[in-house]
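1. Sequence first, predicted coordinates after that:
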Amino acid sequence: YDTDHQHSVWGFGAKYGGVIRHVFQCGPAPEVNGVDGILEAYRSTFRTGLGMSEPTDIEDVVRAAAAKAVQGQSIAQARGGQSYSILLILTDGKITDVNKAANAIRT
């Protein structure tokens, strides 16, 4: 549940302009509104010439999400509240370095 229905949408494991990107923003805005916004951000990313590519390294996206979660929690605590974050990762199942990914999740 998210009261403002704003969500970050990131991608990973893609090649754009000949460069492999392990974390990148999907869509033109840092946050999108609701499920429709998530789907449109994802679709718009593929209209840019970006193509899926290996290696599938999720460490950077996990660390980026963790940093955003820590920032959100700090802001909420300063206001006397709490915050929670959910990271949903969709992949083809072939994570290149499982140990690096697991370490990023643990830390």
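-> Noted; the coordinates are in hand. Numbering: from 1, shown residues only.

2. could you list every residue that touches residue 50?
-> Residues near residue 50 by C-beta atoms under 8 Å, 6 or more residues apart in numbering: 11, 14, 15, 16, 21, 24. The C-beta positions use only the backbone N, C-alpha and C, and glycine is treated the same way.

3. how about 6 Å then?
-> Applying C-beta atoms under 6 Å, 6 or more residues apart in numbering, we find residue 50 in contact with 14, 16.

4. do you know how far it is from residue 65?
-> 20 Å (C-beta to C-beta, to the nearest Å).

5. For this protein, which segments are assigned as strands?
-> Ranges of strands within the chain are 6-7, 10-11, 14-16, 19-21, 24-25, 32-33, 51-52, based on DSSP state E.

6. List the strands paired with the last one, with their directions.
-> Using DSSP bridges, the strands paired with strand 51-52 in its sheet are strand 14-16 (antiparallel).

7. quick one: buried residues of the strand it pairs with?
-> residue 14 (16 or more other C-beta atoms under 10 Å).

8. Tell me how far that strand lies from the chain's centre.
-> Distance, stretch centre to chain centre, for strand 14-16: 15 Å (C-alpha atoms, centre = their mean, to the nearest Å).

9. got a list of contacts for that strand?
-> By C-beta under 6 Å, 6+ apart, strand 14-16 touches 21, 50, 51, 52, 53.

10. quick one: which of the residues you listed is nearest to residue 71?
-> Nearest to residue 71 among the contacts of strand 14-16: residue 21, at 21.9 Å, using C-beta to C-beta.

11. State the pLDDT value of the residue nearest to the closest one when sequence neighbours are not counted.
-> Leaving aside its sequence neighbours, residue 21 sits nearest to residue 14 (C-beta to C-beta, 6 or more residues apart in numbering; 5.2 Å). pLDDT, residue 14: 87.

12. Show me where the chain has its helices.
-> Under the criterion DSSP state H, the chain contains helices at 34-46, 59-78, 98-106.
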